[in-house]
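[1] Any chance you could fold what I've pasted below:
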Amino acid sequence: MDLSKKNYVLLALFTFFKMSLIAQNTDSVAWARPCTSCEQLLNLRLPEIKVNAAEMIQTPESTASNGGAYCKVSGTIGKEIEFELLLPSKWNKRFVMGGGGGFVGYVMNRAGNSIKDGFATVGTNTGHIGTDAKWALNNMERQLNFGHLAVHRTAVAAKGIIYYFYGLYPRYSYFVGLSRGGGQAMMEAQRYPEDFDGVVAGAPAFNWVGQAAKFIKDTKVIYPDPTKDTVPVITKDNLRLLQEKILQHCDGLDGIRDSILNDPRDCGFNINDIKICPGNVSAADCLTQKQLEAIKIIYSGVSIGVKTLHPGFAFGGEDDKTGWLSSIVGPNKGSSPYPSWQAFYGMETFRYLIFNNPDWDYSRYDFSKVYTDTRYAASYLDATQTDYSGFRKKGGKMIIYQGWIDPLISALDIIDHYEKANALDAELHEYIRLFMLPGVSHIGGNGPGKADWFQLIQDWVEKGIPPNRVIVSKLKDKDTLMTRPVFPYPAKAVYDGKGDPNLESSFK
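    Residues are numbered from 1 along each chain as shown. Predicted structure coming up:
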């Protein structure tokens, strides 16, 4: 036996013996405490895992549930998957991993605050540094890590370190993510159902390649000339006019005039009814023919023959401050050097994850080839599998929530996915539930979208209490401006016609 193998065997025997002596960490005890020092983790030797730093952090809240301190562990998995694991000195025997956003590129952990409540929690950079996609150029390992491997490997590594530190594996494991992190949550449920007992997928970027294709299609019509990326075909006045006309036609369908569409699919507005500018000269109260066609493209999907890569966007939020202007139309300084967030994510994905060509020009792209061009990238980037039988067999539970007026993650896309999954399994609602949030965009909107989704998934997993009626809130600073209920799709909240529309008690 060579020395390295001998060391692993000795470590395993030592760990087993040590853990068997820690009576305080038996599973019958509500809380667990470390059975080794934080610094001792620097000596931990596990295949493909290196602990780079381990230090105790004192928390300012001396009465915190985590015992007032935690061990902060930084490490590397394989060549370059970086992670940060937080281990409380008083552990509630639960583990939660937080997802990342965008292209990630540094250690992100949306669940990091759970450390104060005694959760062990971890985040990862998904195997690269950099918040654009240049890191992916001709690097299959990084591409696959970003796609799905890094999150899975980090979860496995974290559980191994948790076992060594406390002498116990987590009783319950959770994943909480938003945007790309929401897509990571769905990817885990589809590919690695054994990793987590409960997952929360918020505004999930699950159809990464499909949405990138949609973003390119939109950018191509809004900025047909890439050398003029400060002059969009669609103007701010167009967005104001468009939203005004849609709300005039559809806002009262749910019984309330509040600039919120309860279900935009009920809105039968015809965009062709908007006046065409005389002489096709752009003005504030009309659309040119070119502007009308561009707007139609944004609402429409991306299909090649019988294959639909993306269904397009629903009505709503066109002139919202978190709506079309920064995400779709631009110009937006925040997404520079790209004119909008759609342009940024679309072009970075096509250049570095699909074609491996930094000089790829969206304006010359032939969309008739988009399905065949993107099939390989979709195989590792997309969480679009609709068979959740493995997750169901494992006993997993998942909550998905999505804003109706999100200009980046299409509400119609996640609904289509959920309906296809439900067609395969009529009992899907027993373990996966989708909540659609009226008036909510990717990062705001007029509608209420805040809820304790993490507590809801815990109650479902640990107490068998499914989320049947969720109260969502809209806050400003610390003040609650509005509360409303949302129900598992396809159910909708219905206004009672007489109560205060800002109170959830007025809906059923």
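[2] quick one: the strands in the stretch 201-350 of the chain?
    302-304, 307-310 (DSSP state E, counting those that start in this stretch).
[3] again with the chain
    Assigned by DSSP state E, the chain shows strands spanning 49-58, 69-77, 81-88, 94-98, 120-124, 172-178, 198-202, 302-304, 307-310, 397-403, 432-437, 470-476, 479-486.
[4] I'd like to know how many residues surround the residue lying closest to Leu503 once chain neighbours are set aside.
    Distances taken as C-beta to C-beta, 6 or more residues apart in numbering place Thr483 nearest to Leu503, at 6.1 Å, with adjacent residues excluded. In short, each C-beta sits where N, CA and C put it, glycine included. Using other C-beta atoms under 10 Å, the number of residues around Thr483 comes to 20.
[5] ok, now His249?
    That count, for His249 with other C-beta under 10 Å as the rule, works out to 15.
[6] can you tell me the average pLDDT over stretch 178-193?
    Across stretch 178-193, pLDDT averages out at 98.
[7] Just send the strands of the chain back as TSV, with distance to Ser335 too.
    Formatted as TSV, the strands of the chain follow (distance: least, C-beta to C-beta, whole Å):
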stretch	distance to Ser335
strand 49-58	33
strand 69-77	31
strand 81-88	25
strand 94-98	24
strand 120-124	24
strand 172-178	19
strand 198-202	21
strand 302-304	21
strand 307-310	20
strand 397-403	20
strand 432-437	24
strand 470-476	26
strand 479-486	29
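[8] out of these, which comes closest to Lys245?
    strand 397-403 (21.4 Å; C-beta to C-beta).
[9] Run through who's touching the closest one.
    By C-beta atoms under 8 Å, 6 or more residues apart in numbering, the list of residues contacting strand 397-403 from outside reads 182, 185-186, 189, 197-204, 388, 391, 409, 411, 414, 418, 431-437, 439-442, 445, 447, 449, 451, 453, 456-457, 460-461, 467, 486.
[10] chain center to that strand: distance?
    10 Å (C-alpha atoms, centre = their mean, to the nearest Å).
[11] Between strand 172-178 and that strand, find me the angle.
    10 degrees (axes from the mean of the first three to the mean of the last three C-alpha atoms, to 10 degrees).
[12] Could you number the chain from 41 rather than 1 from now on?
    Sounds good: first residue 41 from here, last item strand 437-443.
[13] Just checking: what are the partner strands of strand 437-443?
    strand 238-242 (parallel), strand 472-477 (parallel) (DSSP bridges).
[14] Name the stretch among those strands that sits most buried.
    Of all these, strand 238-242 carries the top mean neighbour count, a mean of 28, counting by mean count of other C-beta atoms under 10 Å.
[15] now that strand against strand 134-138, angle please.
    20 degrees.
[16] if I pick the nearest residue to Val501 once chain neighbours are set aside, what's in contact with it?
    Nearest residue to Val501, sequence neighbours excluded (C-beta to C-beta, 6+ apart): Gly238, at 4.1 Å. Going by C-beta under 8 Å, 6+ apart, Gly238 touches Tyr212, Ser213, Tyr214, Phe215, Gly436, Lys437, Met438, Ile439, Ile497, Gln498, Trp500, Val501.
[17] re the thing from before, nearest to Gly167, of the strands of the stretch 241-390 of the chain?
    Gly167 lies closest to strand 347-350 among the strands of the stretch 241-390 of the chain, at 25.8 Å (C-beta to C-beta).
[18] partner strands of that closest one, parallel or antiparallel?
    Strand pairing for strand 347-350, using DSSP bridges, gives strand 342-344 (antiparallel).
[19] May I see the buried residues of the strand it pairs with?
    Within strand 342-344, the residues that count as buried by 16 or more other C-beta atoms under 10 Å are Val342.
[20] Stretch 220-239 too?
    220-233, 235-239.
[21] top of the contacts of Gly238 by neighbour count?
    Result: Phe215 is most packed of those (other C-beta under 10 Å), 31 neighbours.
[22] Which residues are in contact with that one?
    Going by C-beta under 8 Å, 6+ apart, the list of residues near Phe215 reads 136-139, 191, 195, 224-225, 228, 235-236, 238-240.
[23] Any idea what it is bridged to?
    Bridge pairing for Phe215 - DSSP bridges - gives Met137, Val239.
[24] Give me the pLDDT value at it.
    98.
[25] ok, it to Trp444 distance?
    Distance check for Phe215 against Trp444: by C-beta to C-beta, to the nearest Å, it reads 24 Å.
[26] where in the stretch 41-190 of the chain is pLDDT low?
    41-69, 101-104 (pLDDT under 70).
[27] So which residues of it form helices?
    In the stretch 41-190 of the chain, the helices defined using DSSP state H, counting those that start in this stretch lie at 43-60, 180-184, 190-206.
[28] One more: the stretch 441-548 of the chain?
    In the stretch 441-548 of the chain, helices defined by DSSP H, counting those that start in this stretch lie at 451-464, 493-503, listed in chain order.
[29] could those be laid out in a markdown table, adding distance to Arg150?
    Formatted as a markdown table, those follow (distance: least, C-beta to C-beta, whole Å):
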| stretch | distance to Arg150 |
| --- | --- |
| helix 451-464 | 18 |
| helix 493-503 | 10 |
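[30] Need these in JSON lines (columns: distance to Asp291 and mean pLDDT).
    Converted to JSON lines, these look like this (distance: least, C-beta to C-beta, whole Å; pLDDT from 0 to 100):
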{"stretch": "helix 451-464", "distance to Asp291": "17", "mean pLDDT": "98"}
{"stretch": "helix 493-503", "distance to Asp291": "28", "mean pLDDT": "98"}
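[31] now for these, which one comes closest to Val410?
    It's helix 451-464; of these, that one is closest to Val410 (C-beta to C-beta) at 15.9 Å.
[32] measure stretch 228-237 end to end?
    Stretch 228-237 has its terminal residues 11 Å apart, counting by C-alpha to C-alpha, to the nearest Å.
[33] Show me how far that stretch is from its chain's centre.
    The mean C-alpha position of stretch 228-237 is separated from the chain mean by 16 Å, C-alpha atoms, centre = their mean.
[34] Now do that stretch: everything it contacts.
    Residues outside stretch 228-237 that contact it (C-beta under 8 Å, 6+ apart) are 137, 188, 191-192, 195-196, 212-215, 239, 241, 423, 425, 427-428, 430-431, 433-438, 472, 501.
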